[in-house]
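Peer 1: Just the structure for this:
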Amino acid sequence: AVCYKTLFGAVDLYRFIQWAAYNHMLGFDRIFAWYLPSIRNYEGFDLLASLPYVTMIENVEGVVREVRPGLEIVVGDGDQLALEKTCLKGVAKDYDWVLFADADEYLWFNQSI
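Peer 2: Numbers count the residues shown, from 1 in each chain. Just a heads-up that it's a prediction; the model follows:
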């Protein structure tokens, strides 16, 4: 399983769909993606939510805070650490492998493997 810790802000959901498809093609059966409620209105949300290997989970506990100009993070009971625990002890607890990754991070295998 792959756990993505919260879609928010100026995210391109079509790019995220490509990222999810890439991880699925590598062999990850399930992508768990938390999102803030405003993401439901973004273009591409319905397509993302319809992918059979993606489970969308609304993060109702997270709050966006600007830590410095141009950098926002999710804080509160739905912050990154809380969602990692929820992933490992909850939704992905029955998976043998769990990867935490952002949409700009790709698992890559070199030729010598």
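Peer 1: What does the residue nearest to residue 26 when sequence neighbours are not counted show for phi and psi?
Peer 2: Counting by CB to CB, 6 or more residues apart in numbering, residue 26 lies nearest to residue 107, which is 6.2 Å off, once chain neighbours are set aside. C-beta: built from backbone N, CA, C; applies to glycine. The phi/psi pair for residue 107 (degrees, to the nearest 10) reads phi -80, psi 130.
Peer 1: what's around residue 107, how many residues?
Peer 2: Other residues near residue 107 number 12, with proximity taken as other CB atoms under 10 Å.
Peer 1: Kindly report the same for residue 59.
Peer 2: 24.
Peer 1: and what of residue 29?
Peer 2: 11.
Peer 1: Let me see the contact set for it.
Peer 2: Listed by CB atoms under 8 Å, 6 or more residues apart in numbering, the contact set of residue 29 reads 1, 53, 95.
Peer 1: Just list what the helix of greatest length in the chain packs against, helices and strands only.
Peer 2: Taking DSSP state H as the criterion, the chain has its longest helix at helix 13-26. Counting contacts by 3 or more CB pairs under 8 Å, 6 or more residues apart in numbering; DSSP states H and E, helix 13-26 packs against strand 2-7, strand 31-35, helix 45-50.
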